[in-house]
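> Have a look at this fold, sequence not included:
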C-alpha cells in the first residue's frame with residue numbers, strides 16, 4: 001500500500017516490526033522531517049543523541065540505526081539512494097522562521113505545526129516533540145562548527161527504505177519551508193509505501 005503526501009502536509013502511521021517504510025522523493029530536493037515513537041508506548045521515542053553516539057556520525061545512511069533514548073533500535077535504514085541525511089538541523093517553526101528570515105514570515109506554516117497537528121491524533125503534545133530526522137536535507141558542517149542549509153543531494157525518484165525493529169509510530173512533516181534551499185524554495189510531494197499489513201493513517 002502506498003500514498004502520496006502532498007506538499008507541506010503531515011502524515012502519520014504505524015509500521016509494525018519487520019515491515020519497511022519506503023520514502024520516495026518524487027521531484028527531488030524535498031526535505032522530509034520525521035519523528036519516531038513506540039506505537040504502544042509513546043514515551044519510547046527517537047533520540048538524536050543516542051543515535052549519533054552509537055554510530056559515531058551525525059549523518060544517516062544505509063546501515064544507520066534509529067535509536068530511542070535508551071539506545072534501543074527502533075528503525076534501520078536498509079537501503080538509501082542519497083547517502084546522507086540530517087540529524088541536527090531540527091524542524092522549522094513559526095518562531096525559528098521569524099528569527100532566521102524576518103518577522104514577515106511568522107504567519108507561514110512550518111514543520112512544528114505539522115507535528116503538533118498530526119501528533120494530536122495520537123495523544124501527543126508539544127512536550128512530546130523531540131529532535132527529528134530530516135531525510136533528504138543537506139546540512140553540511142564547516143570546520144569551525146558552522147551549520148549550513150544548502151541544496152539537497154537527492155534527485156527525482158530517489159528512495160530511502162527503513163525497516164521497523166519495533167512497532168513504530170512514524171510522524172512525518174513534508175516540509176513546507178520556502179525560505180531556504182532545503183526544498184528548492186518550492187515544496188513538492190513525496191510518496192510513502194508500507195506493506196499491506198501496516199496501519200496507514202491518511
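Structure's in. What do you need? Quantities reported herein were computed from a predicted structural model and do not represent experimental measurements. Numbering: from 1, shown residues only.

> Give the bridge partners for the closest residue to residue 51 other than its chain neighbours, please.
Counting by C-beta to C-beta, 6 or more residues apart in numbering, residue 51 lies nearest to residue 67, which is 4.6 Å off, once chain neighbours are set aside. No exception for glycine: its C-beta is placed from N, CA and C like everyone else's. Each beta-bridge partner of residue 67 is listed here: residue 73, as defined by DSSP bridges.

> Can you pull the phi/psi pair for residue 186?
The phi and psi values for residue 186, taken as degrees, to the nearest 10, are phi -150, psi 90.

> tell me the secondary structure for the residue nearest the centre of the chain?
By C-alpha atoms, centre = their mean, the mean C-alpha position of the chain lies nearest to residue 34, the distance being 2.2 Å. Classification of residue 34 into helix, strand or coil gives strand, according to DSSP: H, G, I helix; E, B strand; the rest coil.

> so what's it up against?
Residue 34 makes contact with 132, 133, 134, 135, 170, 171, 172, 173 under the criterion C-beta atoms under 8 Å, 6 or more residues apart in numbering.

> Can you say which of these are buried?
For the contacts of residue 34, a burial check counting by 16 or more other C-beta atoms under 10 Å picks out 132, 133, 134, 135, 170, 171, 172, 173.

> tell me the two of those residues that are most distant?
134 and 170 (14.2 Å; C-beta to C-beta).

> Please name the nearest non-neighbouring residue to the residue nearest to the centre of the chain.
Using C-beta to C-beta, 6+ apart, the nearest residue to residue 34 is residue 133, at 4.7 Å.

> One more: residue 178?
Taking C-beta to C-beta, 6+ apart as the measure, residue 178 lies nearest to residue 185, with 5.6 Å between them; neighbours along the chain are not counted.

> how many other residues sit next to the one you found?
11 (other C-beta atoms under 10 Å).

> same question, residue 39
Applying the criterion other C-beta under 10 Å, we find 20 residues in the vicinity of residue 39.
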